[in-house]
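**Student:** predicted model and sequence follow; I will ask about them next.
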There are 2 protein chains.
Amino acid sequence: MLSPTQLQISEERFSVIYTLSGNREEAYRKAEDICIEQTIEFPADLIPEDDIRKHIFGRIESFEQIESGYQAEISYNVAIVSGEITQFLNVIFGNISLKPGIRAEKVKFSPRLLQAFQGPRFGVQGIRDLLKVFDRPLLCTAIKPMGLSNKELAKLVYQFAKGGIDIIKDDHGICNQAFSPFRDRVARCVEAVQKANQETGGNSLYAPNITAPDRELNARANFAKEIGAGAVLIAPGIVGFDRMQALADDPSFDLPILYHPTFLGSFVTNPEAGISPYLLFGQLARLGGADIVIFPNYGGRFSFSEEDCHLISRGATDPLGEIRPIFPAPAGGMKLDSIPQMLEFYGQDVVLLIGGDLHRHGKDLIENSKLFGQKVKYP
Amino acid sequence: MLSPTQLQISEERFSVIYTLSGNREEAYRKAEDICIEQTIEFPADLIPEDDIRKHIFGRIESFEQIESGYQAEISYNVAIVSGEITQFLNVIFGNISLKPGIRAEKVKFSPRLLQAFQGPRFGVQGIRDLLKVFDRPLLCTAIKPMGLSNKELAKLVYQFAKGGIDIIKDDHGICNQAFSPFRDRVARCVEAVQKANQETGGNSLYAPNITAPDRELNARANFAKEIGAGAVLIAPGIVGFDRMQALADDPSFDLPILYHPTFLGSFVTNPEAGISPYLLFGQLARLGGADIVIFPNYGGRFSFSEEDCHLISRGATDPLGEIRPIFPAPAGGMKLDSIPQMLEFYGQDVVLLIGGDLHRHGKDLIENSKLFGQKVKYP
């Protein structure tokens, strides 16, 4: 056994709600295991009655049966997170991600933990101010398919902007391929959106995909900003939530951030394990500084349920200290015909992301974009 | 429908083996869906008979029944990866991670795709050269529990090194907490390991945990290097495989890299979906430049199967062009008594990572460490 340790740390704790599978005994054992695995990762019987046991161990604050198993609230000392989003992820779902039957549902923050995060720079109100659109949901689309030349992609941007789409993003699979090099694409697309805005008097934004390795991510972000892009698209599942957060926190980088969900599906497709949509696309999106979170809507080509989407919408907007609410952007095979249903489900503070279906209503993409707008304004 | 597109790109393709759940028809539909979702993400019927259809679409190369469902080999044009590990992850398992019943098993590389990756700097042989240990498995342990002061942690480093442990790493939950600030800890632990090495004539390495947000990751990596740390520990599931790769590729950063699996469990705990252990802890570890990959051994406090561990061991060492084989480091509740079984299972090219159990064999950690060495040398 170790010698007793004394620690000078605050008593402040935050907590995580976990759903645990198995019978009561198994579920309770999982809760006890989380308290150790996520903190000291060491045989508990070798720790004396000291400050480590008192302050560092996770603590079961409540344990109760729910419809789908058991739910435990486990608290952690704020000091173990050290104000870093990387360690925050590690504490809430690090090693226990490797064990079956544990799902992190929701974080209950404490004041000091929240102070470590600035959250999104814009949020719902900031994006509306930027676009000068206050009375309706926002329209969004993607330029694709991969394989088009930059000239062709820029033409799409022009048409969409001319037709009144608010935010036009790169498809997330378009990065820096030889057939669509990043800097040339962004330059052309920025020019196209500016031309359309001048002609319409509108404020459409073009959002290039800056997901890229290591330093190249920042280089692309800076290039996008300097040449006049209106927003950026990033995939935190691939490059880390900390990279997204760093852009949101950087005073010299003042563009809105769209969070793309690619590569994150394994966290949410197993109902018995992983991270809830509320936490992954709601709370973590906001801690990581996203202004708009894209996710697969129910009823499209993915398999998210209505309940999942409801949770994301709540996670994006529930009170969270000083951290701003953000826009949910349901996507994934949405059609113009789905608009009335989406508006009923999400209300007015939503970004409607419709991609392929915009190409199905005649050859004129400007007209199709206008049709999209009409369906949103007069559903 | 779009106008036909002409593309000047190579014909070279690589492929991914996917396991697909459902009956034959459902599984085949999933294979067809992957070809579209992972590439153009656009209605296929709107694409003319052009170069996008010919070159960019994924292609089903084979489809067959296996014990656990169906398996498809799907090929992609190398050009769509653009030599970037971020886009490589996006192509092999990006949006389809959000759909159920799809597991990425293995990548079959093409020459040009492999050329984009340098892989680990050291690998098995490089680590052996560094440690001057050629004839036995390597011994590894972690300093913990979280909550100890840096002085206490450094004392552990000294004792473990004095007892002959080859690699002594930070526990992955220890980062930069107020009770264990990073720079002070690394300075003390480096001093401790150097003192022990001087006394024993050995070459033990201390590996601090450099997992941290954004630029702080590089700052900690550089600090570790400059002050004389022997290796580093990093969690690519949290900070991205691209950050790990960048360190491995950086000519000025010449320390071995240990890959910690925290936060990655959701990819591997659902047998019907996610990424296989072979790919996640084998192939991706090597592409990302890890020299040693830590994972939960079967029979410990996690639930990995023997088959999972066998796959990881193979993924770490199977031929992969010029990319070096790396050390598997089975861990997670391993005991000194497990050593004979682990050696039989993994052979000699393994890093045995034993943490808490080293504290269970009497109070003298130097003696316990020596016992660990004896059990490895004379199992």
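**Tutor:** Looks like it came in fine. Numbers count the residues shown, from 1 in each chain, chains lettered A, B, ... in the order given.

**Student:** quick one, strands of chain A?
**Tutor:** A:13-20, A:59-66, A:69-77, A:102-108, A:138-143, A:167-170, A:205-207, A:232-234, A:257-259, A:274-275, A:292-296, A:327-331, A:351-353 (DSSP state E).

**Student:** what helices or strands is the second one leaning on?
**Tutor:** The reference is to strand A:59-66. strand A:13-20, helix A:24-37, strand A:69-77 (3 or more CB pairs under 8 Å, 6 or more residues apart in numbering or on different chains; DSSP states H and E). All C-beta atoms are positioned from the backbone trio N, CA, C, and that covers glycine.

**Student:** the last one to strand A:13-20, inter-axis angle?
**Tutor:** Taking axes from the mean of the first three to the mean of the last three CA atoms, to 10 degrees, one finds strand A:69-77 and strand A:13-20 inclined to each other by 160 degrees.

**Student:** what's strand A:69-77 in contact with?
**Tutor:** A:9-22, A:24, A:27-28, A:30-31, A:34-35, A:38-39, A:55-56, A:58-65, A:91, A:101, A:105, A:108, A:272 (CB atoms under 8 Å, 6 or more residues apart in numbering or on different chains).

**Student:** grab the nearest non-local neighbour of residue A:159.
**Tutor:** Nearest residue to residue A:159, sequence neighbours excluded (CB to CB, 6 or more residues apart in numbering or on different chains): residue A:365, at 4.0 Å.

**Student:** how many other residues sit next to the one you found?
**Tutor:** 20 (other CB atoms under 10 Å in any protein chain shown).

**Student:** and it, what is it in contact with?
**Tutor:** A:156, A:159-160, A:163, A:358-359.

**Student:** measure it to chain B for me?
**Tutor:** To chain B, residue A:365 is 10 Å away according to CB to the nearest CB, to the nearest Å.

**Student:** where in the stretch 51-200 of chain A is pLDDT low?
**Tutor:** Scanning the stretch 51-200 of chain A for pLDDT under 70 picks out nothing.

**Student:** got the residues of it near chain B?
**Tutor:** A:51-52, A:55-56, A:79-80, A:82, A:84-87, A:89-91, A:93-100, A:142, A:144-149, A:152, A:171-173, A:175-179 (CB under 8 Å from any CB of the partner chain).

**Student:** now the buried members of these.
**Tutor:** When those are checked for burial by 16 or more other CB atoms under 10 Å in any protein chain shown, the buried set is A:51-52, A:55-56, A:79-80, A:82, A:84-87, A:89-91, A:93-100, A:142, A:144-149, A:152, A:171-173, A:175-177, A:179.

**Student:** helices - which of these land there?
**Tutor:** Mapping these onto helices (DSSP state H) picks out A:51, A:85-87, A:89-91, A:93, A:152.

**Student:** follow-up on the earlier one: need the contacts of residue A:365 in JSON lines (columns: neighbour count).
**Tutor:** JSON lines is the format used below for the contacts of residue A:365 (neighbours: other CB atoms under 10 Å in any protein chain shown):
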{"residue": "A:156", "neighbour count": "21"}
{"residue": "A:159", "neighbour count": "21"}
{"residue": "A:160", "neighbour count": "29"}
{"residue": "A:163", "neighbour count": "24"}
{"residue": "A:358", "neighbour count": "23"}
{"residue": "A:359", "neighbour count": "19"}
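
**Student:** in JSON lines: these, plus distance to residue B:254.
**Tutor:** Converted to JSON lines, these look like this (distance: CB to CB, whole Å):
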{"residue": "A:156", "distance to residue B:254": "46"}
{"residue": "A:159", "distance to residue B:254": "51"}
{"residue": "A:160", "distance to residue B:254": "48"}
{"residue": "A:163", "distance to residue B:254": "54"}
{"residue": "A:358", "distance to residue B:254": "51"}
{"residue": "A:359", "distance to residue B:254": "51"}
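
**Student:** number of nearby residues for the closest residue to residue A:164 other than its chain neighbours?
**Tutor:** Of all residues not flanking residue A:164 in the chain, residue A:373 sits nearest, at 4.6 Å (CB to CB, 6+ apart). By other CB under 10 Å, 15 other residues sit near residue A:373.

**Student:** give me the domain ranges for chain A.
**Tutor:** For chain A, automatic domain parsing gives the domain ranges A:13-115, A:123-377.

**Student:** pick the most buried one from these.
**Tutor:** domain A:123-377 (a mean of 21; mean count of other CB atoms under 10 Å in any protein chain shown).

**Student:** tell me the pLDDT of the residue nearest the centre of chain A.
**Tutor:** The residue lying closest to the centre of chain A (CA atoms, centre = their mean) is residue A:285, at 3.5 Å. We have a pLDDT of 98 for residue A:285.

**Student:** could you tell me the end-to-end distance of stretch A:299-319?
**Tutor:** Taking CA to CA, to the nearest Å, stretch A:299-319 runs 28 Å from one end to the other.

**Student:** also stretch A:18-29?
**Tutor:** 13 Å.

**Student:** show residues contacting it.
**Tutor:** By CB under 8 Å, 6+ apart, stretch A:18-29 touches A:30-31, A:34, A:63, A:65-66, A:68-74, A:100-105, A:272-273.

**Student:** make it 6 Å
**Tutor:** A:30, A:69-72, A:101-105, A:272 (CB atoms under 6 Å, 6 or more residues apart in numbering or on different chains).

**Student:** just to revisit the earlier point, which among the helices and strands packed on strand A:59-66 is found nearest to residue B:281?
**Tutor:** helix A:24-37 (18.9 Å; CB to CB).

**Student:** and the angle from that closest one to strand A:102-108?
**Tutor:** 60 degrees.

**Student:** mind checking the longest helix of chain A?
**Tutor:** Chain A, longest helix under DSSP H: helix A:182-200.

**Student:** which residue sits closest to the residue nearest to the centre of chain A in space, ignoring its chain neighbours?
**Tutor:** residue A:293 (4.2 Å).

**Student:** so what's the one you found up against?
**Tutor:** A:259, A:281, A:285, A:316.

**Student:** surely the second one and residue A:295 touch.
**Tutor:** It stands for residue A:281. Yes: using CB atoms under 6 Å, residue A:281 is in contact with residue A:295, at 5.0 Å.

**Student:** so for those two, which residues contact both of them?
**Tutor:** Contacts common to residue A:281 and residue A:295, judged by CB under 6 Å, 6+ apart, are residue A:312.
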